[in-house]
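Participant: 3D, please:
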Amino acid sequence: MKHPTPKLLLLATAIPSTTNGFAVPPSSQSVVSSRPAATSPTTSTSPRPLKVTNGDVTETSSFPGSGYLDALDRRLGDDDCNAAVDHGRPPDPNSRDGNTAVDAADYSGLTTLPRHPTNDEVNEILEQTEQALRTMQEKVLFLSQSDGEGRDPSLEVEEDEDEDVMLPLEVEQESVYANSYVDLGKVDTVGFDYDYTLVTYTKELLELIYDMALKRLVEEKEYPREMLEVGMKFDPFFSIRGLAVDRENGWICHLSYTHKVAVAWEGRHRVTRPRLMAEYTGKRALEPSARKKRLKPLNDLFSMAECCLMADVVQFFLDRDIPFCPRSAVNDVLGSITNTHISGEFHREVARVPERYFEEKPYLKGVLDSLRDSGKRLIFVSNSPFWYVDAGMNYVVGPGWRDQWDVVIASAGKPAFYTEDARPFREVDPATGKLMFKQVLKLEKGRVYTAGCLKELTKTINWKHPLNYDVLDFRYDDVGSPLTSPNVMYIGDSLFADLVDAKREFGWTTAAVTPEVGWEIELQRKTEFVVAERAIEMLLNSLRLYQRALGTGLRSKDDLEVMDKMERMVSRWRDEQTRLLGNPFGSVFRARYQPSLFAHSLRRYCDLYMSNVGSLRHYSSQHRFYPESPKLLSHEIRGSNPECCDIDDPILNPDCF
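Facilitator: Sure thing, here's the model as predicted:
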């Protein structure tokens, strides 16, 4: 049966036009992350929705987004082997030359589709897609910086009638995003973590931790002193949050939500797909028991220094052909980082020069005052020592910061704070930082405590709210009730130290501080990134239409060869997106374009997430958050399209096969 030639829908951009009830746009853009944002030479205002109308290119059914595409085993050609990296080094986000860039000449290769030697019907689909890709390339990308002169009037680009579909960048960056329904009006107690939550750090902090840990390796573990002399430094463009290190081989792995190793780096070289398949039982994954033994998660923002040092130490040995035991190297690096934290060495340096390491927080005090004025209890629970949190809070909020809090707990030892049930509280002398001998039977406002556990907290906290609300106020008639309620919200940055047990064991409402949201939104709104995203969607839609035109019979060698080449193009466009994100692992929330394990955990254990605590200033203390969509399956997301395209897209070296 011959199918009629389908028509194509070719969108140049499609950005969601909703937030979670953002009340007031910020008067100026706030600092949302200390991470250096990778910039692109093509900087322009965010493109509006465009429809390409040229010849026979009109419309067709919608298609699912590329973020939900799984990976199948595909053999890619040599041309794709190093599309995103140069000699295994992280891509320079500002580079426009060599293998790490895509200029006008390179884009011609990304927009030239193969042809079928005998099937004119499918060639019509390929020709239409190719013309649409080139039209978008010309009209959206290369003319984005021009004054519009010299355009071919025959290539008409129609603007969507809704010119205001895109939200201002500041609004998207400063929004609070919801994974589930949350009514802030029912939240009567709000707890906060300290590091990377109430305070955030400049990149100098990770450089400091890296340098101190490296020095420990040399001086305490007798690693080669040459390491201190060759200029090993923290690289902010290498590591991201949510990775894992394999203790057996020293690889840095990015895991998908199915625990598949989507990409791995050995030192500063990317691990080829055949090595991944051989190492991880032919499916790029480990059995649950082996995964627990071998993979050490690197989930918090502090771990970015840990990840970078791990890769640099391995690369140092590889470059010099020095035999080493990967497990020992991993343990030594992890131990050096841990000892740097435990010793308080970097804490003392940060407290000594707070203006160098802490970012300013102009909205923090206002957020805390607003929550408190609305009748909510504020509980401060941090793993850091009191003298350190005191220095930071004095810098970002000011003297007397403890007056805002009903309870202040330092050196809490999370997650043991949640899981143990017999850790007593100890009081800390704020003047000396020393522990007091006396037994703590009641937590009092204005005092400082350490250790403890949630069970003790429920016994010792004063549940009578300090604002003395009327006893008829149902939200505050819970004197003596345990802290095991969704009416308690805890805000932190570390999923597994701060939030998972709070949600899983006690049913708290949880909110994650994820600064990556802010800078990834900014990068993904760059014209180049949007073009890459739409090119991928065009190619995938074309592949679906191509197969529909071929019918249900067996495919010929020519049929499959065209599809392989098209899939290769999809992979190259995806590599371009990774390059634009400015690090070799790509998005924190995507592991080679599947949801990452970090994103999966964020969705599973966090009701809300935001780029910084200051985002709460845009919302009423009684705001109700609604999730954007609870849909997970492709047919729910995009309607009735039953087809699913699964493409493997590793970047391989020429000697992969």
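Participant: which regions of the stretch 551-657 of the chain lie under the pLDDT threshold?
Facilitator: 630-632, 634, 636-657 (pLDDT under 70).
Participant: Break down it into its helices, ranges please.
Facilitator: Listed in chain order, the helices of the stretch 551-657 of the chain (DSSP state H, counting those that start in this stretch) span 557-581, 597-605, 634-638.
Participant: Rebuild the ones you listed as a markdown table, extending it with mean neighbour count.
Facilitator: Quick note: C-beta positions are derived from backbone N, CA and C, even for glycine. Supplementary listing: the helices of the stretch 551-657 of the chain in a markdown table, determined by neighbours: other CB atoms under 10 Å:
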| stretch | mean neighbour count |
| --- | --- |
| helix 557-581 | 20 |
| helix 597-605 | 20 |
| helix 634-638 | 14 |
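Participant: quick one, which of those helices is nearest to Lys442?
Facilitator: Among the helices of the stretch 551-657 of the chain, the nearest to Lys442 by CB to CB is helix 597-605 (31.5 Å).
Participant: Can you list the neighbours in contact with that closest one?
Facilitator: Contacts to helix 597-605, defined as CB atoms under 8 Å, 6 or more residues apart in numbering, come from residues 179, 241-242, 255-257, 259, 299, 495-496, 499-500, 503-504, 510, 512, 514, 588-591, 595, 609.
Participant: Let me have that helix in PDB, keeping just the CA atoms, if that works.
Facilitator: Extracted C-alpha coordinates of helix 597-605, given in PDB (Å, rounded to 0.1, in the frame of the first residue of the first chain):
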ATOM      1  CA  LEU A 597      19.500  10.100  37.700                       C
ATOM      2  CA  PHE A 598      19.900  13.500  39.400                       C
ATOM      3  CA  ALA A 599      16.800  14.800  37.600                       C
ATOM      4  CA  HIS A 600      14.900  11.600  38.400                       C
ATOM      5  CA  SER A 601      15.700  12.000  42.100                       C
ATOM      6  CA  LEU A 602      14.800  15.700  42.000                       C
ATOM      7  CA  ARG A 603      11.400  14.800  40.600                       C
ATOM      8  CA  ARG A 604      10.900  11.900  43.000                       C
ATOM      9  CA  TYR A 605      12.000  13.500  46.300                       C
END
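Participant: and that helix, how far from the chain's centre?
Facilitator: 10 Å (CA atoms, centre = their mean, to the nearest Å).
Participant: follow-up on the earlier one: columns distance to Lys221 on top of the helices of the stretch 551-657 of the chain, output as JSON lines?
Facilitator: Below are those laid out as JSON lines (distance: least, CB to CB, whole Å):
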{"stretch": "helix 557-581", "distance to Lys221": "34"}
{"stretch": "helix 597-605", "distance to Lys221": "30"}
{"stretch": "helix 634-638", "distance to Lys221": "50"}
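Participant: and the residue nearest in space to the middle of the chain, how far is that from Asp312?
Facilitator: The residue lying closest to the centre of the chain (CA atoms, centre = their mean) is Val588, at 2.9 Å. Here Val588 is placed at a distance of 21 Å from Asp312 (CB to CB, to the nearest Å).
Participant: Give me the three-state assignment for Arg426.
Facilitator: Assigned with DSSP: H, G, I helix; E, B strand; the rest coil, Arg426 falls in the strand class.
Participant: hang on, isn't it packed against Ala451?
Facilitator: Yes. At 5.5 Å, Arg426 counts as touching Ala451 under the criterion of CB atoms under 8 Å.
Participant: Tell me which of the two has more neighbours.
Facilitator: Higher neighbour count among Arg426 and Ala451: Ala451, with 20 against 17, using other CB atoms under 10 Å.
Participant: ok, Lys445 to Glu427 distance?
Facilitator: 13 Å.
Participant: Look at the two and report which has more neighbours.
Facilitator: Remark: of Lys445 and Glu427, Glu427 carries more neighbours, 18 against 12, as counted by other CB under 10 Å.
Participant: Now His254. Its backbone dihedrals?
Facilitator: Main-chain dihedrals, His254, degrees, to the nearest 10: phi -110, psi 120.
Participant: residues near it, how many?
Facilitator: Close neighbours of His254, defined as other CB under 10 Å, add up to 25.
Participant: So which residues of the stretch 151-300 of the chain form helices?
Facilitator: With helices called from DSSP H, counting those that start in this stretch, the stretch 151-300 of the chain shows them at 169-173, 203-220, 273-279, 288-294.
Participant: again, but for the stretch 401-550 of the chain
Facilitator: Under DSSP H, counting those that start in this stretch, the stretch 401-550 of the chain gives helices at 416-419, 454-460, 500-506, 516-524, 527-550.
Participant: closest one to Leu364 among those helices?
Facilitator: Closest among these, once you apply CB to CB, is helix 516-524, at 16.0 Å.
Participant: Can you name every helix or strand that the closest one contacts?
Facilitator: Other helices and strands packing on helix 516-524, by 3 or more CB pairs under 8 Å, 6 or more residues apart in numbering; DSSP states H and E, are helix 169-173, helix 527-550, helix 557-581.
Participant: Would you reformat those helices as JSON lines and include distance to Tyr194?
Facilitator: Shown next, in JSON lines, are the helices and strands packed on helix 516-524 (distance: least, CB to CB, whole Å):
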{"stretch": "helix 169-173", "distance to Tyr194": "23"}
{"stretch": "helix 527-550", "distance to Tyr194": "34"}
{"stretch": "helix 557-581", "distance to Tyr194": "29"}
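Participant: Can you say which of those is nearest to Thr118?
Facilitator: helix 557-581 (6.6 Å).
Participant: between the closest one and helix 516-524, how many degrees?
Facilitator: Angle of helix 557-581 versus helix 516-524, following axes from the mean of the first three to the mean of the last three CA atoms, to 10 degrees, is 120 degrees.
Participant: Tell me which other helices or strands helix 557-581 touches.
Facilitator: helix 104-110, helix 516-524, helix 527-550.
Participant: Following the chain past the shortest one, name the next helix or strand.
Facilitator: Once helix 104-110 ends, the next helix or strand along the chain (criterion: DSSP states H and E) is helix 120-136.
Participant: Now do the buried residues in that following helix.
Facilitator: Within helix 120-136, the residues that count as buried by 16 or more other CB atoms under 10 Å are 122-123, 125-136.
Participant: can I get those residues in CSV with pLDDT and distance to Leu581?
Facilitator: What follows is the buried residues of helix 120-136, written out as CSV (pLDDT from 0 to 100; distance: CB to CB, whole Å):
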residue, pLDDT, distance to Leu581
Val122, 93, 34
Asn123, 94, 35
Ile125, 94, 31
Leu126, 94, 29
Glu127, 94, 32
Gln128, 93, 30
Thr129, 93, 25
Glu130, 92, 27
Gln131, 91, 29
Ala132, 91, 25
Leu133, 89, 22
Arg134, 88, 25
Thr135, 87, 26
Met136, 84, 21
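Participant: Great, nothing more from me.
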